[in-house]
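Student: what's the 3D shape of this:
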Amino acid sequence: MKTRIQFFVLIMLACAITGLAQTYPEVTIRDIQFVEADSLNYYGSINSEPTGMYEGDTVVVTGVVMNSPYEGANPDSNEALHSGVPSMFICDPDGNGPWNGILVRDLVDAAPDFAILDTGIVVKMTGVVLTYNTTTQFNVINFTAQDVTGFQERRPEPIKLTLDSLVETGSGNPIYTAEKWEQVYVEIENVTVTDGVGIGYNSFGIFDDNNSIIVVGNLSDYWRNTEAPLPGTKIDKIRGFIETRTNITGGWFMINPVYPDDIVYGTVFPPNITNLERDIVNVGYGESPTITAELEDPDGEVVSAKLYYSVNESATESVDMQQLGATGTWHATIPAQNDSSLITYYSMATDDEGNVSYNPSDTTNGRYFFFILDRDLTVNDVQYSPFGSGYSGYNGYEVTLNGIVITDTSDVQGDGSNVSPQVYIQNGSGPWSGVQIFGTEADQLVVGDDVTVTGIVNESFGYTVLGTLDAGVDVVVNSSGNATPEPTLVDIADIASQASGELPAESYEGVLLKLVDVTVVDDNADGDSGPNEGSGGNANYGEIIVANEAGNQVRVEVQDGTHDYNNYWDFLQEGSDYQIKQDDTFDAIIGTLFYSFGNYKLVPRRNEDFIGWSGGNVAVDDDPVVNEYSLSQNYPNPFNPSTEIKYSLADAGNVKVTIYNIVGQEVMTLVDGFRNAGSHLIRFDASSLASGMYLYSIKANEYRSVKKMMLLK
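Tutor: Below you'll find the model as predicted:
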């Protein structure tokens, strides 16, 4: 199967060879980007990108270049944007404004023609409109120097926005109708750098006086390779292009500066507070932990610091932090408290110019915390994160936990395919009871092992794990073959469309869950139905979207796990009996709750985690205790396009169930192999057959039976 883009390129080549002219509709950038407000709010609520009316179409667009595709004057220099291919933003030549910007990517290697482009040049290009992740992009399929149609003295000026134009005041929660600013050139003034927010590679967060927050992204190659400013740094203004992303820790919107002068720093440099740590990991009754921090002022010196703490969320108290000699290390002690007390804390530093900074910068939702515990730590203690940050109170510390292995990496099918890369342990059932563990020792475990695990707690892209990729965990297997905890029944509403750390979804992170009575509303959450085609083509990462009767939706990730079910993310899965399709239903789906790329998602483990599937030609064990052979009439009958066939075996043996047309020609085999005694169910999908009467037969040991069925389309 060729990608959509390859298909269009082949058409254009054919037209050039035959001398035929191919005409595509000419549209504006606004035509491509515009989406009605109702659709924006709906798709935003399910962490998805609404697609415009030209999604997947080849069109002609005119725009003014907002940045050079290259850092230098030739295609041998670095690309200006980290986008896989030479890329640039363009704007409507009539002016900058809502819906008037889009990212353009060169998929046909138009260099050196692309190298002539720079800010202010007006171009008329032919390309395909596609959505990648949650970003609409224009993928060029034809460009030459002759497509330059004019020149403007300067690129359009940025639109001045406040953070409250993009997110709800005092948070990073998106205003979904702010999608109109996607890829538009904007300027934001008077913000401060914060920590703990970003998507890696020198990205960072900024917040304003109202504590509204967005991310400064790293799409620009220059800023991707420039060290992020320290938390507390003031920014007078930042210019860049707005991007919507659902895999941002603590947010949705981000701004991408491109050139070095797109960020103008202020003259105020507050002190920097790093490495805030306590000296006791598991603080017991009667113990007084000492908190230390490294304090540094870039343009002066730190003159004072305080540690603020609260017991069981009561009134905040403070103690002065003291400097250790002439070093940058400061410390303070929190007084001993009663058993089971919840202690929260943060620090403040003041420099010689009166500038103040905090760690964490969000002293409401980002507070550090720990328990006073006169016992060993449990998984529940380590996972607990009540303030919405998603961070554990034991983040960065080595802990020892006990639990039962609920997922493993064993190859139960014996063919090396679709083996889960993840290992989880769980301590009982319910909220906060599960956690993922890393390392080669973890990979040796099997489901049902009772283990004691020691490792470093860390936050990995919005997900709390035990162990690091380098160090892993130390494991002691106490016993094997234990019963695993029962899956926790949850309502999809409790985990649907929630941001990283948001409750109650965060409380189920790593926990074995069960969803009941769900319908597949999208068989590919990231693109069209069908295989993943790589950059610029159809995206499919093995994730489907299911919904309950109330319409609440959540992703189910079928690419991991040791099972056969798939959503046709790979060309090799074509014709698979276990392909999940839109409108299929499940009585229940079981899996662990994972978080990645801005979404909570359920990850099933084995075939047994898919219960009561309505689709596919799959034989399913029903009742193992029967004492007779039988073949039941299919139900429903007549049917369109699927039906169920039940049969029973008094003894185990080889079974063959076959479909014939009315003249006795074999058209399909549903079962051909060994089956155990008991009652069995086949879900037969006849989508590939024509309407008419069919026969189905069973051969099992000495038993034979034939029945009729009617397919009406």
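
Student: show me the shaky parts of the protein.
Tutor: 1-22, 42-52, 72-77, 110-111, 133, 195-200, 246-251, 410-421, 535-536, 617-625 (pLDDT under 70).

Student: swap the cut-off to 50 and go again
Tutor: Scanning the chain for pLDDT under 50 picks out 1-21, 249-250, 411-418.

Student: list the contacts for the nearest residue to residue 158 once chain neighbours are set aside?
Tutor: Spatial nearest neighbour of residue 158, excluding adjacent residues (CB to CB, 6 or more residues apart in numbering): residue 187 at 3.9 Å. Placement of C-beta: from N, CA and C, glycine included. Contacts here follow CB atoms under 8 Å, 6 or more residues apart in numbering; on that basis residue 187 touches 158-161, 237-239.

Student: same check, this time on residue 524
Tutor: Neighbour list for residue 524: 530, 540, 543-544, 567, 569 [criterion: CB under 8 Å, 6+ apart].

Student: can you select the buried ones among those for me in ChimeraX?
Tutor: Remark: buried members of these, expressed as a ChimeraX selection using 16 or more other CB atoms under 10 Å:
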select :530,540,543,544,567,569
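
Student: residue 343 belongs to a strand, doesn't it?
Tutor: Yes. Counting by DSSP: H, G, I helix; E, B strand; the rest coil, one finds residue 343 located in a strand.

Student: beta-bridge partners for it, please?
Tutor: Residues in a beta bridge with residue 343, per DSSP bridges, are residue 311, residue 370.

Student: wait, isn't it in contact with residue 373?
Tutor: No. Contact criterion CB atoms under 8 Å: residue 343 and residue 373 do not qualify, at 10.9 Å.

Student: out of the two, which sits in the busier spot?
Tutor: Neighbour count, other CB atoms under 10 Å: between residue 343 and residue 373, residue 343 has more, with 22 against 16.

Student: would you format the contacts of residue 524 as JSON lines with distance to residue 399 and secondary structure included?
Tutor: Listed next are the contacts of residue 524 as JSON lines, based on distance: CB to CB, whole Å; DSSP: H, G, I helix; E, B strand; the rest coil:
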{"residue": "530", "distance to residue 399": "44", "secondary structure": "coil"}
{"residue": "540", "distance to residue 399": "38", "secondary structure": "coil"}
{"residue": "543", "distance to residue 399": "31", "secondary structure": "strand"}
{"residue": "544", "distance to residue 399": "35", "secondary structure": "strand"}
{"residue": "567", "distance to residue 399": "37", "secondary structure": "coil"}
{"residue": "569", "distance to residue 399": "36", "secondary structure": "coil"}
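
Student: which one of the contacts of residue 524 is nearest to residue 289?
Tutor: For residue 289, the closest of those turns out to be residue 543, at 42.2 Å, with distances computed as CB to CB.

Student: and the closest one, how far from residue 553?
Tutor: 12 Å (CB to CB, to the nearest Å).

Student: got it, and residue 596?
Tutor: For residue 596, the distance to residue 553 equals 17 Å [CB to CB].

Student: would you map the helices across the stretch 151-300 of the chain?
Tutor: Along the stretch 151-300 of the chain, counting by DSSP state H, counting those that start in this stretch, helices occupy 221-224.

Student: now the strands for it?
Tutor: For the stretch 151-300 of the chain, the strands defined by DSSP state E, counting those that start in this stretch cover 159-160, 185-194, 204-207, 213-216, 234-248, 251-256, 263-265, 272-278, 290-296.

Student: who's in contact with the last one?
Tutor: Same thing as strand 290-296. With contact meaning CB under 8 Å, 6+ apart, strand 290-296 is reached by 271-280, 302, 305, 307, 321, 323, 328-334, 345, 347, 349, 359.

Student: list the contacts of the spatially closest residue to residue 184 that is not a sequence neighbour.
Tutor: With CB to CB, 6+ apart as the criterion, residue 184 has its nearest non-adjacent residue at 4.1 Å, and that residue is residue 101. Going by CB under 8 Å, 6+ apart, residue 101 touches 29, 33, 66, 89-92, 182-185, 241-242.

Student: surely residue 178 meets residue 253?
Tutor: Yes. Counting by CB under 8 Å, residue 253 is a contact partner of residue 178 at 6.8 Å.

Student: what about those two, which has more around it?
Tutor: Taking neighbours as other CB under 10 Å, residue 178 and residue 253 compare with residue 253 leading, 24 against 20.

Student: quick one: the more buried one from residue 171, how far?
Tutor: To residue 171, residue 253 is 12 Å away according to CB to CB.

Student: so how far is residue 368 from residue 358?
Tutor: For residue 358, the distance to residue 368 (CB to CB) stands at 11 Å.

Student: need the residues touching each of the two.
Tutor: Common neighbours of residue 358 and residue 368 (CB under 8 Å, 6+ apart) are residue 346.

Student: can you tell me how far the residue nearest to residue 710 when sequence neighbours are not counted is from residue 692?
Tutor: Spatially, and ignoring its direct neighbours in sequence, residue 710 is nearest to residue 638 (3.9 Å; CB to CB, 6+ apart). Computed as CB to CB, the residue 638 to residue 692 distance reads 10 Å.
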